[in-house]
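1. structure, please.
(one chain, ligands or ions: 1)
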Amino acid sequence: MDLKINSFDEYKEQYALSVSDPDGFWDNIAKTFTWRRPYDKVCEWNFDEPSVKWFLNGQVNITENALDRHLETRGNKLALIWEPNDPKERAVRWTYRELHAKVCEFANALKAQDINKGDRVVIYMPMIPELTVAVLACARIGAVHSVVFAGFSAHAIADRIQDAQAKMVITADGLNRGAKQVPLKRVVDEALQACPSVEKVIVYDCVGWEPKMVDGRDIPWDQAIRGMAKDCPPTAMDSEDMLFILYTSGSTGKPKGVVHTHGGYMVYAAYSFQNVFQYEESDIYWCTADIGWITGHSYIVYGPLLSGATTMMFEGVPTYPDPGRFWQVCDKHGVNQFYTAPTAIRALMAYGEDHVLSYSLDSLKVLGTVGEPINEEAWRWYHIHVGKEKCPIVDTWWQTETGGIMISGLGHLSPMKPAHAGYPLPGIQPVLLDQEGKEIKENGVEGYLCMKYPWPSILRTTYGDHERCRVTYFSHYKGHYFTGDGAKRDENGMYRIIGRVDDVINVSGHRFGTAEIENAINANGIVVESAVVGYPHDIKGQGIYAYVVCEDLPKDPSAIETARAEIVETVVEQIGKIAKPEKIQFVSGLPKTRSGKIMRRILRKVAEGEPDKLGDTSTLLDPDVVEEIVKGAL
Ligand code: WTA
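-> The predicted model follows:
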């Protein structure tokens with residue numbers, strides 16, 4: 001089970017091997033897992049259709065590897081620690097044996113509700129241990145989970161349920177977030193008005209609200225598990241059977257369902273976890289992400305559990321009850337590896353060092369970041385005040401679509417450079433392409449970041465629409481997977497990710513398509529059309545700047561305020577609070593070319609506060625509009 005590389009020299013050897021003999025390299029890793037039937041081929045692929053298959057004809061169940069195979073040697077080791085929102089409440093500590101029993105029990109409950117292999121189950125839950133149980137229970141019986149982050153609106157959930165044609169929703173009455181409680185069941189009820197595919201809803205009692213239950217549809221969690229056996233044989237899955245769908249935003253309006261499968265995802269989640277975090281047997285590992293995002297899937301649930309690690313889940317927020325909470329929790333549980341997002345670091349930085357300096361943080365060995373580029377100032381703060389200059393920072397670059405970490409340092413093994421993700425993991429073959437799609441081979445260059453060879457956890461398709469997968473990721477540069485990111489490679493071959501080069505905005509590490517937010521804004525009756533761009537934001541990385549054309553342009557300050565509030569409300573309804581535009585500028589028209597295409601470059605420059613760098617505007621239909629936009633910039 002130990003897949004760990006132990007020195008930088010060994011990394012270089014393994015990397016070379018993974019390129020010269022990828023099949024042999026991955027076979028060596030994959031065969032350490034428990035297969036119900038061995039695979040007969042390591043990989044078969046082409047990036048044209050695309051069609052990528054790993055560990056062909058193997059049968060496996062990811063939960064057998066994440067739970068059962070540890071029982072003999074680690075049955076009494078802690079699998080999961082849960083730290084509640086309220087520091088006065090007791091933490092939950094489950095051993096591998098206990099987690100195994102809970103997962104089996106709930107898997108049996110799902111079966112009793114007629115959930116079968118291949119059925120889709122949407123999970124909309126708080127960050128509580130039962131969320132992990134629900135995810136693993138689905139995988140155990142071969143049902144496909146699709147976790148929806150518990151900050152999305154009813155409208156957004158309904159979209160996802162309909163797209164996945166989900167048969168069941170698992171939710172809770174509500175959730176605790178800092179000093180607030182947020183309803184979940186009520187949001188699900190609203191969503192389900194438009195979702196006839198859903199037959200059953202299981203509701204966990206998290207905040208004690210006793211929500212209204214719909215007869216014949218809704219079942220309390222406790223009732224669902226009553227009398228269920230605590231053992232449930234794992235369903236044998238083909239390597240390429242779907243494990244989960246996770247919706248993510250792209251440059252078109254509708255979020256797409258990224259599909260990952262049992263075999264390849266399993267191998268890569270475990271391999272990358274052990275190497276990036278250099279996890280050692282008695283370590284306590286904490287990733288602060290939410291399981292509603294890919295980071296939580298791969299590095300709270302699957303990667304750590306597949307590795308027999310102790311993984312921690314946190315229900316709360318970094319600033320409750322005070323901005324020292326993360327560090328208090330690190331000391332309380334003796335956390336060894338700590339993995340968070342740059343936006344959280346920047347937010348905590350703003351409260352000053354005192355909150356971090358009052359904790360010892362002695363146990364920390366490795367710090368990680370993910371989700372967006374980390375600026376040097378935040379990197380240094382993290383390194384000096386949290387890591388006490390003795391912990392390496394692994395800046396992990398990857399995506400929902402890649403399933404696992406692609407470019408990153410490996411704990412203390414790799415050289416480190418602020419704001420640089422560093423080198424690719426073994427098995428990962430990044431390239432930088434120029435405008436024409438030609439590979440730039442030298443160092444000290446910049447280009448579009450693509451991959452020229454598959455890895456086990458690459459997305460297989462976008463659910464229900466394979467063509468969309470092809471067009472989005474495999475059609476820009478023939479024979480390559482296109483990430484949507486731009487990157488630099490320095491003199492020593494270390495990668496630095498610059499950010500998205502497509503119409504995707506990254507707000508606090510959350511991805512939104514500009515078209516997705518525009519559609520939401522346009523859903524408001526007063527809006528004629530809109531254009532959304534990102535602009536640099538001190539804490540969130542990027543903020544959302546919307547240019548809105550209304551039927552009656554609001555003129556006086558109070559009318560403008562009212563119209564803004566209305567539009568924000570519509571976005572919250574359509575997507576959720578996480579997509580609120582920071583700035584809304586009302587304009588009489590948008591800068592368009594004669595063919596009707598919005599010139600976003602101009603809007604971006606204005607939003608970035610650089611109206612003197614608009615470039616060529618001669619192809620515009622109506623140049624006057626630009627002057628008005630520049631004058632009214634917020
Ligand atoms: C960005 C999150 C710079 C990038 C795991 C990518 C990063 C998108 C980093 C994927 C990083 C993620 N440095 N940028 N270390 N990690 N990104 O799908 O633009 O939510 O394409 O996956 O986040 O976001 P996603």
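
2. since we're on the residue nearest to residue 27 when sequence neighbours are not counted, how many residues are nearby?
-> The shortest distance from residue 27 to any non-neighbouring residue, by Cβ to Cβ, 6 or more residues apart in numbering, is to residue 42 (5.1 Å). C-beta coordinates here come from the backbone N, C-alpha and C atoms, glycine included. Counted with other Cβ atoms under 10 Å, residues neighbouring residue 42 total 20.

3. phi, psi for residue 507 please.
-> The phi and psi values for residue 507, taken as degrees, to the nearest 10, are phi -100, psi 110.

4. residue 472 too?
-> phi -70, psi -40.

5. for the residue in the stretch 501-634 of the chain that the ligand sits nearest to, phi and psi?
-> Nearest to the ligand in the stretch 501-634 of the chain, going by Cβ to the nearest ligand atom, is residue 511, at a distance of 4.9 Å. In terms of degrees, to the nearest 10, the main-chain angles of residue 511 are phi -90, psi 130.

6. is the residue nearest to residue 27 in a helix, a strand, or coil?
-> strand (DSSP: H, G, I helix; E, B strand; the rest coil).

7. which bits of this structure sit near the ligand?
-> Within the chain, the positions near the ligand by Cβ under 6 Å from any ligand atom are 248, 293-295, 370-373, 395-400, 421, 483-485, 497, 499-500, 506, 511.

8. ok, back up a step: pretty sure the residue nearest to residue 27 sits against residue 54.
-> Yes: counting by Cβ atoms under 8 Å, residue 42 touches residue 54, with 6.9 Å between them.

9. re earlier: check contacts around the residue of the stretch 501-634 of the chain closest to the ligand.
-> 248-249, 400, 504-505 (Cβ atoms under 8 Å, 6 or more residues apart in numbering).

10. secondary structure element holding residue 138?
-> If you go by DSSP states H and E, residue 138 is part of helix 129-141.

11. run through the neighbouring helices and strands of that helix.
-> Helix 129-141 sits against helix 62-66, strand 78-83, helix 96-112, strand 120-124, strand 144-147, strand 242-248, strand 310-314, with contacts defined as 3 or more Cβ pairs under 8 Å, 6 or more residues apart in numbering; DSSP states H and E.

12. relative to residue 600, how far out is the residue nearest to residue 27?
-> For residue 42, the distance to residue 600 (Cβ to Cβ, to the nearest Å) stands at 43 Å.

13. centre of the chain to stretch 254-264, how far?
-> Computed by Cα atoms, centre = their mean, to the nearest Å, the chain-centroid distance of stretch 254-264 equals 12 Å.

14. hey, C-alpha coordinates of that stretch in PDB?
-> Provided in PDB are the C-alpha atoms of stretch 254-264 (Å, rounded to 0.1, in the frame of the first residue of the first chain):
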ATOM      1  CA  LYS A 254     -24.700  25.200 -18.300                       C
ATOM      2  CA  PRO A 255     -22.500  23.500 -15.800                       C
ATOM      3  CA  LYS A 256     -21.300  20.100 -17.000                       C
ATOM      4  CA  GLY A 257     -21.200  16.800 -15.200                       C
ATOM      5  CA  VAL A 258     -17.600  15.600 -15.100                       C
ATOM      6  CA  VAL A 259     -17.500  11.800 -14.900                       C
ATOM      7  CA  HIS A 260     -14.900   9.800 -13.000                       C
ATOM      8  CA  THR A 261     -14.700   6.000 -12.900                       C
ATOM      9  CA  HIS A 262     -13.800   3.400 -10.200                       C
ATOM     10  CA  GLY A 263     -10.400   2.000 -11.300                       C
ATOM     11  CA  GLY A 264      -8.300   4.900 -12.600                       C
END
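
15. what segments of the stretch 401-550 of the chain are strands?
-> 430-433, 445-451, 461-462, 481-489, 495-500, 504-507, 510-513, 527-537, 541-550 (DSSP state E, counting those that start in this stretch).

16. could you export those as JSON lines, including mean pLDDT?
-> Converted to JSON lines, those look like this (pLDDT from 0 to 100):
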{"stretch": "strand 430-433", "mean pLDDT": "98"}
{"stretch": "strand 445-451", "mean pLDDT": "97"}
{"stretch": "strand 461-462", "mean pLDDT": "98"}
{"stretch": "strand 481-489", "mean pLDDT": "97"}
{"stretch": "strand 495-500", "mean pLDDT": "95"}
{"stretch": "strand 504-507", "mean pLDDT": "94"}
{"stretch": "strand 510-513", "mean pLDDT": "94"}
{"stretch": "strand 527-537", "mean pLDDT": "95"}
{"stretch": "strand 541-550", "mean pLDDT": "96"}
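
17. closest to residue 68 out of those strands?
-> Residue 68 sits nearest to strand 461-462 of all these, at 29.0 Å, using Cβ to Cβ.

18. parallel or antiparallel, list what pairs with that closest one.
-> strand 256-261 (antiparallel) (DSSP bridges).

19. quick check: the gap between whatever residue of the stretch 251-400 of the chain ends up closest to the ligand and residue 438.
-> Here the stretch 251-400 of the chain gets closest to the ligand at one residue, residue 400, 3.4 Å apart by Cβ to the nearest ligand atom. Distance, residue 400 to residue 438, by Cβ to Cβ: 28 Å.

20. more neighbours, those two?
-> Higher neighbour count among residue 400 and residue 438: residue 400, with 20 against 12, using other Cβ under 10 Å.

21. how about that one, what does it touch?
-> 246, 248, 258, 293-294, 459, 511.

22. rewinding a little: what is the burial count for the nearest residue to the residue of the stretch 501-634 of the chain closest to the ligand once chain neighbours are set aside?
-> Sequence neighbours aside, residue 249 is the residue nearest to residue 511 in space, at 4.6 Å (criterion: Cβ to Cβ, 6+ apart). Taking other Cβ under 10 Å as the criterion, the count of residues near residue 249 is 24.

23. buried sites along stretch 84-103?
-> 84-85, 92, 94-103 (16 or more other Cβ atoms under 10 Å).

24. now the residues you listed as a markdown table including pLDDT?
-> Compiled in a markdown table, the buried residues of stretch 84-103 are given as follows (pLDDT from 0 to 100):
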| residue | pLDDT |
| --- | --- |
| 84 | 98 |
| 85 | 98 |
| 92 | 98 |
| 94 | 98 |
| 95 | 98 |
| 96 | 98 |
| 97 | 98 |
| 98 | 98 |
| 99 | 98 |
| 100 | 98 |
| 101 | 98 |
| 102 | 98 |
| 103 | 98 |
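
25. what angle separates the helix or strand residue 159 falls within from strand 256-261?
-> If you go by DSSP H and E, residue 159 is part of helix 154-164. Helix 154-164 and strand 256-261 meet at an angle of 50 degrees, taking axes from the mean of the first three to the mean of the last three Cα atoms, to 10 degrees as the criterion.

26. having no further points to raise, I will conclude here.
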